[in-house]
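*Asks:* heads up, no residue letters with this:
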């Protein structure tokens with residue numbers, strides 16, 4: 001388990017991602033599986049700009065120490 005958390009939910013402008021270990025990258029996918037945003041994080045905590053995304057359900061995929069995880073959020 002990578003112990004990654006996101007806040008707030010739902011997010012309007014910024015989505016805060018944090019983890020016990022350094023997060024390398026994060027990508028946001030729409031419900032159809034299309035990548036809509038990519039981020040190079042390289043930190044344990046970061047704020048991701050999601051202001052350009054319309055209201056909906058998204059999947060955040062992230063990598064940390066060559067392990068891939070995902071979280072579904074509104």
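*Replies:* Looks like it arrived, so ask away. The structure displayed is predicted, hence computed values, not measured ones.
*Asks:* the residue nearest to residue 31 when sequence neighbours are not counted: neighbour count?
*Replies:* The shortest distance from residue 31 to any non-neighbouring residue, by C-beta to C-beta, 6 or more residues apart in numbering, is to residue 57 (5.3 Å). The C-beta positions use only the backbone N, C-alpha and C, and glycine is treated the same way. For residue 57, the count of nearby residues is 10 (other C-beta atoms under 10 Å).
*Asks:* kindly report the same for residue 64.
*Replies:* Residue 64: 20 surrounding residues under other C-beta under 10 Å.
*Asks:* ditto for residue 34
*Replies:* 8.
*Asks:* phi, psi of it?
*Replies:* Torsion angles at residue 34 (phi, psi; degrees, to the nearest 10) stand at phi -90, psi 130.
*Asks:* how close does it sit to residue 4?
*Replies:* Here the criterion is C-beta to C-beta, to the nearest Å. By it, residue 34 lies 22 Å from residue 4.
*Asks:* follow-up on the earlier one: what sits against the residue nearest to residue 31?
*Replies:* 31, 72, 73, 74 (C-beta atoms under 8 Å, 6 or more residues apart in numbering).
*Asks:* list the contacts for the first one?
*Replies:* To tie it back to what came earlier, the one meant is residue 31. 56, 57, 58, 59.
*Asks:* tell me which residue lies nearest the centroid of the protein.
*Replies:* The chain has residue 60 as the residue nearest its centroid, 4.1 Å off, counting by C-alpha atoms, centre = their mean.
*Asks:* just to revisit the earlier point, ChimeraX command to pick out the buried ones of the contacts of residue 31?
*Replies:* A single ChimeraX command selects the buried members of the contacts of residue 31 (16 or more other C-beta atoms under 10 Å):
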select :58,59
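*Asks:* can you put the contacts of residue 31 in TSV and add secondary structure, distance to residue 41 and pLDDT?
*Replies:* Below are the contacts of residue 31 laid out as TSV (DSSP: H, G, I helix; E, B strand; the rest coil; distance: C-beta to C-beta, whole Å; pLDDT from 0 to 100):
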residue	secondary structure	distance to residue 41	pLDDT
56	coil	22	90
57	coil	22	92
58	strand	16	94
59	strand	16	95
